[in-house]
Every structure is written in C-alpha cells, then in structure tokens.
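*Asks:* sequence and predicted structure below; questions after.
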Amino acid sequence: MDTLQDAMATHETLDPPDWADVQALSHRVIDDAVGYLRDVRDRPVWREMPPEVRTFFDAPMPRAPASLPDVYGEVTDNLMAYPMGNIHPRFWSWYMGSSNFTGALGDFLAAIQGSNLGGGNHAAGLMDSQVVNWCKEMVGFPAAASGTLVSGGSMANIIGLTVARNAKAGVDVRERGVGAIPRPLRFYASDQVHSCHRKAMEALGLGNRALRRIPTDTGLRIDVDALKAAIAEDRDASFKPACVIGTAGTVNTGAVDDLQALAALAEAEDLWFHVDGCIGALIAVAPQNAALVAGIEQAHSIALDPHKWLHAPFEAGCALVRDASAHRNSFAVTPEYLESTPRGLASGQWLNDYGLQTTRGFRALKIWMALKEHGIEKFGRLIDQNIAQARHLARLIEDEPVLELTAATTVNIVCFRHRLDGAPEDRLKAFNTEIMLRLQEEGIAVLSDTTVRGRHCLRVAITNHRTRREDLDLLVRETLRLGQEIKSGMEYA
Ligand SMILES: *Cc1c(COP(=O)(O)O)cnc(C)c1O
C-alpha cells in the first residue's frame, strides 16, 4: 500500500482531539452568551456594518483547518456584533419575537441530542407531539385534532391550505393533480391577508387569482357581507367556493377578523375555515384580551407562530388541523424505506406524514423548556403587557399634535405618522421614512413602515418581552426631535 492509502485507512472524525479544550471554549461561549443577552439594552438596536466586515464574508471556502477558538473569535467580531436587533427592547419592526435564553439552550441541546424528528420511537418524538398538544390546548382545539411543528407561520399556512384544497377539491387531487378539479376552487381572505397566502396559492397550483381579496370595514376587518356576495357570485359563475381564511391579527395593523361570523358563514356555505393566527392565535391565552379571538376554536385549521409571541428562537411555526385524518391524508406516503416495525426505533409515529419535510429538526425542545420554566400563564400576561403597551403608545401619539394615528390599535401594532402641514403624500412618505431611517441609524429604535388605505405610515409592532413603557416614551420623544431636525434641514424643509 502506498502512503496515501495508508492515510485514508486511518480514522478521521469531526470530534475534537481533546474534549477538555472544547469544554473550556464552550464555557467561554456560554459566559459570553449570557453577557450578550444580559447587556442587550446597553447596545444600539442596530448598526451598519463597516466595510471590513462586509469583505470578511467574501472570503473563499476554507480548505485548511483553523483552531476552534480562532473560528469563534471571527464569529464574535464579525457576526455577533451586527445582529438584526430583534432581541433588543426597542426593536418593533415587521413582526417577530425577541427570543429567550432558555429557548437558545433548548436549541443547543436539541442539536447535541441530535434526533431527527421525521419520526421514530424516541423521546424527542414524544416531546414534539406534546408541544403540538399544548398548542391545541392554547387555542381551544380538541385533543383529537392533529398538528405539526414547521419552520414558521408561512409553512403552517401552506399546510392548512393544502389540507383545505385536498378536502374540497372533489377529486383525489394528490393522485390526479389540480387539472382534474372539476370546478375551479375559490379561496377568500381580506385585502389585508399576509403575502404568504399568495405564495401558498401559487405553490398549490391554484394560482393567485383563486384567492379573492375581500374588502375590509373601517377597522380593516373582512367585510362579511361583501364576502357573502363574493361567494354567491362565484357559485353563479360555476366556481367552487372552498375555503375562507380568517386573519387573527393582520400584519399591517393587527386587525382581527370576526372569527365567529366567519365560522358561521363557513358552516352555512360548506367552506373550510382556516385561521391565520400567526399574530393573534396566542391571544387566546392572554386573560385580558382572549375575547378578541373568540371563534378561533371553531376553525378547521390554524396557523400559529411560536417564534412570535412565545419568543421561541427561530424557526418555529405550528399548523393545527381539526380533522386528523384529513391532515394525514394530505401528506402521508409510506415508501419502502420508511416502513414501521412492530417494536424498536421504527415503531413510533412517522411525524413527517403531516407535512412536506422528511427530515425534521427538533424544534419542540426550545418551546418546551421555556414553557416549562415560565408556564403558559406568564406568556399570556406578556401578551397582555404588549397590548397594553401598544395602547399606551397610541395614547401618547394622540396627545401629540404633530403626530397622528393612521389606523386603530386593536392589539400590539401601532400605525402612525408625523404630520407635515400641507405636504402631499409623497413628501410625507419621504419625511417619515427619513425619521424611520435615522431612528435605525442612530441605534435608537427599529420600526418599519407600511401603507394603510393609501396613507404611508410608521409601524410599531410590539412582540417583545423586553420592551418597557419608558422605551415607548423615548420613541415618541426621539421621533419629535428627529422630525424637528429633519424639517430644519434643507431637503425636507
Ligand atoms: C408572520 C406572519 C406570517 C408568516 O409567518 P412566518 O413565521 O414569518 O413565516 C403569516 N401571517 C401573518 C399574519 C403573520 O404575521
């Protein structure tokens, strides 16, 4: 044998040559991580990366090894120092949770334990099912319902809409495809529906136009009479009304559709009732506000998002389906290499029968540990706290003559803008965008913007267990200061 073959015959592994070194470094990583979260309030929410950090990420693929402490040093300097910022108490952009340390430990332990949640007879599988059961309980779903943990709300909605399509198609759509559906299906949602539903309709082969956007009332909730009229019109035109999507908390303004009315209408019209509860499903556990989402328990399927108001580290979404067999019948396939055995590891449930993934990550542990540590009642109080904070901010804005609310605040989203007397819409937009960008660039707060009924506005979505009222007071003060500063500058005067 030549030397190359000799070398190949010796064993290589990714395990460290000396576990004691790894242990020492890991202690440091944990110490740094604790400090990182403990001191998050003292750092800017966000900051621009300097050019050397950008070029760091242009480095070619590593071929030779590096020491783990050196690798970790690069991560600390180039990555940890420039986060998105959503773990910060003054991050209120788009819509996302702010994570938590216990959840991060859960993610770490899940990776260490390493199980594949595609299925099988092992403890992680039982924990995955337990967390799904807890999610059912949170929204008042029956124990016999089924569900699955997925990457996030978008995937959870796709799961729900897939089951809806298959249940209402009138043909075996899995076998024959959408082309065999006798009457084209129609889905309905308000004009405030999240963009993931469009992607879902496209991916399901139904097409974007099969999702009718129904106008909304003054509170930006679906207009149920307009929905009824649309359904009747579609029946007359030989379409098959199949599914109504109710939104419990729209992404623009947090409006909550009348879920009870939608449940009754779906029943009367024989439609599937899906609830996009990515924002609001969990309000069901918040004692002061649970009534806002009454009716959610009547849905046929629900998408909810533990990485929003349960603050699970990304990614964690959950799809729930009342009719467990309809759920399984939409996805289950048993290839010869995934057959069950009467005993042993392959005797457990194949959890991948409930979604599109084969290999599934161990998402349950990060949710499970934080729920055990704090209990669901605390999460409910944190949701109430965020909603109360949003109402506080709305009051502050109402009290400031130069600021105005641009939509009603139902839950935890506040839409507002700085006035600019007599300015046309495009100038108002440029002015408010400039305020938003300076808030970010000065590391004060991160908001996002949107357009509600043709009016551009700034948007504060408080899904954040670290936010305090004083943070919102500061936001208003700084918005006023920046408004003054920008007005006195040339280009926006
Ligand atoms: C966040 C959100 C989604 C998408 O969920 P992801 O977890 O981002 O995939 C869908 N619908 C609504 C109403 C949302 O707020």
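*Replies:* Received the coordinates, thanks. Numbers count the residues shown, from 1 in each chain.

*Asks:* number of residues surrounding the residue of the stretch 1-150 of the chain found nearest the ligand?
*Replies:* Taking Cβ to the nearest ligand atom, the ligand has its nearest neighbour within the stretch 1-150 of the chain at Tyr95, 4.5 Å off. Quick note: C-beta positions are derived from backbone N, CA and C, even for glycine. Neighbour count for Tyr95, taken as other Cβ atoms under 10 Å: 23.

*Asks:* now Arg381
*Replies:* Neighbour tally, Arg381, other Cβ under 10 Å: 17.

*Asks:* wait, doesn't it sit right on Ala286?
*Replies:* Yes - with contact defined as Cβ atoms under 8 Å, Arg381 reaches Ala286; the gap is 7.4 Å.

*Asks:* quick one: residues contacting the residue of the stretch 1-150 of the chain closest to the ligand.
*Replies:* Tyr95 makes contacts with 251, 278-279, 308, 413, 461, 463, as judged by Cβ atoms under 8 Å, 6 or more residues apart in numbering.

*Asks:* how about it, secondary structure?
*Replies:* coil (DSSP: H, G, I helix; E, B strand; the rest coil).

*Asks:* would you mind writing the CA trace of stretch 317-324 as PDB?
*Replies:* Output of stretch 317-324 as PDB, limited to C-alpha atoms (Å, rounded to 0.1, in the frame of the first residue of the first chain):
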ATOM      1  CA  GLY A 317     -44.300  27.600  13.500                       C
ATOM      2  CA  CYS A 318     -47.200  25.300  14.100                       C
ATOM      3  CA  ALA A 319     -50.100  24.000  11.900                       C
ATOM      4  CA  LEU A 320     -53.200  22.600  13.600                       C
ATOM      5  CA  VAL A 321     -55.900  20.600  11.800                       C
ATOM      6  CA  ARG A 322     -59.100  19.700  13.500                       C
ATOM      7  CA  ASP A 323     -59.700  16.600  11.300                       C
ATOM      8  CA  ALA A 324     -56.600  14.500  11.900                       C
END
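
*Asks:* for that stretch, what is the average pLDDT?
*Replies:* Mean per-residue pLDDT for stretch 317-324: 98.

*Asks:* point out the residues in the stretch 201-350 of the chain that sit beside the ligand.
*Replies:* Proximity of the stretch 201-350 of the chain to the ligand, by Cβ under 6 Å from any ligand atom, involves residues 247, 251, 276, 278-279, 305, 317.

*Asks:* and the residue of the stretch 201-350 of the chain that's closest to the ligand?
*Replies:* When distances are taken as Cβ to the nearest ligand atom, the stretch 201-350 of the chain reaches nearest to the ligand at Cys278, 3.5 Å away.

*Asks:* same for the helix or strand where His27 lies, what does it pack against?
*Replies:* Using DSSP states H and E, His27 sits within helix 19-38. Applying 3 or more Cβ pairs under 8 Å, 6 or more residues apart in numbering; DSSP states H and E, we find helix 19-38 packed against helix 68-75, helix 101-113.

*Asks:* looking at the ones you listed, which is buried most?
*Replies:* helix 101-113 (a mean of 17; mean count of other Cβ atoms under 10 Å).

*Asks:* what does it contact?
*Replies:* Taking Cβ under 8 Å, 6+ apart as the rule, helix 101-113 contacts 33-34, 37, 124, 311-313, 361-370, 373.

*Asks:* recalculate using a threshold of 10 Å.
*Replies:* Residues outside helix 101-113 that contact it (Cβ atoms under 10 Å, 6 or more residues apart in numbering): 26, 29-30, 33-34, 36-38, 87, 97, 99-100, 117, 122-124, 127, 306-307, 310-314, 316, 361-374.

*Asks:* check the residues you listed for burial and list the buried ones.
*Replies:* 29, 36, 87, 97, 99-100, 117, 124, 127, 306-307, 310-314, 316, 361-371, 374 (16 or more other Cβ atoms under 10 Å).

*Asks:* which of the residues you listed fall in helices?
*Replies:* Judged by DSSP state H, these include 29, 36, 124, 127, 364-371, 374 as members of helices.

*Asks:* ok so Gln389 is a helix residue?
*Replies:* Yes - the assignment for Gln389 by three-state DSSP puts it in a helix.

*Asks:* that one reaches Ala461, doesn't it?
*Replies:* No - counting by Cβ atoms under 10 Å, Gln389 stays clear of Ala461, with 11.1 Å between them.

*Asks:* scan the residues of the stretch 201-350 of the chain next to the ligand and report the most crowded one.
*Replies:* That'd be Asp276 among those, by other Cβ under 10 Å, with 32 neighbours.

*Asks:* looking at it, it is touching Val244, isn't it?
*Replies:* No - Asp276 lies out of contact with Val244 (Cβ under 10 Å); the separation is 11.0 Å.

*Asks:* got the domain boundaries for this protein?
*Replies:* Taking automatic domain parsing as the domain assignment, the ranges for the chain are 105-375, 377-489.

*Asks:* just these: most buried one?
*Replies:* domain 105-375 comes out most buried of the domains of the chain by mean count of other Cβ under 10 Å, with a mean of 20.

*Asks:* gap between the two ends of it?
*Replies:* Using Cα to Cα, to the nearest Å, the end-to-end distance of domain 105-375 comes out at 17 Å.

*Asks:* again with stretch 452-471
*Replies:* End residues of stretch 452-471 are separated by 25 Å (Cα to Cα).

*Asks:* need phi/psi at the residue of the stretch 201-350 of the chain closest to the ligand.
*Replies:* Dihedral angles of Cys278 (phi, psi; degrees, to the nearest 10) stand at phi -60, psi -40.

*Asks:* tell me which residues touch the closest residue in space to it that isn't next to it in sequence, please.
*Replies:* Of all residues not flanking Cys278 in the chain, Gly153 sits nearest, at 3.4 Å (Cβ to Cβ, 6 or more residues apart in numbering). Going by Cβ under 10 Å, 6+ apart, Gly153 touches 95, 194, 196, 251, 276-279, 281, 303-308, 315-319.

*Asks:* and what of Val256?
*Replies:* So Val256 contacts 219-221, 246-250, 277, 279-280, 283, 289, 292-296, 410-411 (Cβ under 10 Å, 6+ apart).

*Asks:* try Arg209
*Replies:* Taking Cβ under 10 Å, 6+ apart, one finds 184, 186, 201 in contact with Arg209.

*Asks:* which strand or helix spans the last one?
*Replies:* Following DSSP H and E, the helix or strand that holds Met201 is helix 195-203.

*Asks:* which strands or helices does that helix pack on?
*Replies:* Helix 195-203 sits against helix 153-168, strand 185-190, strand 211-214, strand 240-247, strand 272-277, strand 301-304, with contacts defined as 3 or more Cβ pairs under 10 Å, 6 or more residues apart in numbering; DSSP states H and E.

*Asks:* point out where the stretch 1-150 of the chain drops to low pLDDT.
*Replies:* 1-8 (pLDDT under 70).

*Asks:* what does it put close to the ligand?
*Replies:* Tyr95.

*Asks:* hmm, 8 Å instead?
*Replies:* Within reach of the ligand by Cβ under 8 Å from any ligand atom, the stretch 1-150 of the chain has these residues: 94-96.

*Asks:* who does Ala461 bridge with?
*Replies:* Ile413 (DSSP bridges).

*Asks:* next helix or strand past the helix or strand where Leu382 lies?
*Replies:* Using DSSP H and E, Leu382 maps to helix 376-399. Reading on from helix 376-399 to the C-terminus, the next helix or strand found by DSSP H and E is strand 403-405.

*Asks:* what's in contact with that next one?
*Replies:* So strand 403-405 is contacted by 393-398, 414-419, 455, 457-458, 476, 479-480, 483 (Cβ under 10 Å, 6+ apart).

*Asks:* before I go, just wanted to say thanks for your time.
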